[in-house]
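*Asks:* this is the structure alone, sequence omitted:
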Ligand code: HEC
């Protein structure tokens, strides 16, 4: 073989490799695992799609059933600058005695419309939502409190509030 022939062979091989590579890329793009292409018409089941994070949605009632009212009493430290647990005793905010099951804005207290106009009662679910971020549940509320981001803290606190009857 002379140099010219070697060049031709190498060139031919490279061309063939390039074609294979392009075919492979095309096939991969078409049968991309995990993605379901509408136009594909059928779906290829791929066994290993990597770890799928499954976030089990546990109903709040279940979290509450397992809650610790004693721990909730300690979470209440964040509230007690503004709320008393004695019946009818308002501070910056209304008394929280008996708040679970009580109508929104039911105390002798100068509520904002943000609270006073909410229909229904403070169910555990309503309290859970309110305490996550008060300004989301009751936009414009005078309660300047950022919220309790941890569901467990909220559940414990609501279990504690339920004992105040
Ligand atoms: C900085 C003071 C402040 C803090 C801290 C605070 N609150 Fe309040 N809270 C208020 C005020 C003021 C209102 C009345 C809001 C309105 O009328 O818009 C209120 C209203 C409420 C209501 C509605 C009561 C009703 O009678 O309808 C609940 C429930 C409540 N707060 C629970 C809590 C809990 C639980 C915490 C602690 C995690 C807490 N608050 C922390 C000031 C506060």
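*Replies:* That came in fine, so what should we check first? From a predicted model like this one, the values you see are computed outputs, not experimental measurements. Numbering: from 1, shown residues only.
*Asks:* what about the protein, any weak spots by pLDDT?
*Replies:* 1, 6-7, 9-23, 25-50, 52-53 (pLDDT under 70).
*Asks:* please parse it into its domains.
*Replies:* 3-40, 60-162 (automatic domain parsing).
*Asks:* nearest to the ligand, of those?
*Replies:* The ligand sits nearest to domain 60-162 of all the domains of the chain, at 2.7 Å, using CB to the nearest ligand atom. The C-beta positions use only the backbone N, C-alpha and C, and glycine is treated the same way.
*Asks:* does the ligand have contacts with that closest one?
*Replies:* Yes: shown here: domain 60-162 in contact with the ligand (CB under 6 Å from any ligand atom) through 78-79, 81-83, 92-94, 96, 99, 104-107, 111-112, 114-115, 122, 127, 131, 141-145, 148, 157.
*Asks:* hang on, the earlier thing: deepest of the domains of the chain, which one?
*Replies:* For the domains of the chain, average neighbour numbers computed from mean count of other CB atoms under 10 Å are highest in domain 60-162, which has a mean of 16.
*Asks:* end to end, how far does it reach?
*Replies:* 15 Å (CA to CA, to the nearest Å).
*Asks:* ok, stretch 91-107 next?
*Replies:* Stretch 91-107 has an end-to-end distance of 12 Å (CA to CA).
*Asks:* again, but for stretch 127-138
*Replies:* 11 Å.
*Asks:* could the domains of the chain go into JSON lines alongside distance to residue 54?
*Replies:* Converted to JSON lines, these look like this (distance: least, CB to CB, whole Å):
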{"stretch": "domain 3-40", "distance to residue 54": "16"}
{"stretch": "domain 60-162", "distance to residue 54": "17"}
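*Asks:* figure out which of those domains is closest to residue 51.
*Replies:* Counting by CB to CB, residue 51 lies closest to domain 3-40 out of those; the figure is 12.5 Å.
*Asks:* the residue lying closest to residue 82 once chain neighbours are set aside: what's it in contact with?
*Replies:* With CB to CB, 6 or more residues apart in numbering as the criterion, residue 82 has its nearest non-adjacent residue at 3.9 Å, and that residue is residue 92. Going by CB atoms under 8 Å, 6 or more residues apart in numbering, residue 92 touches 81, 82, 83.
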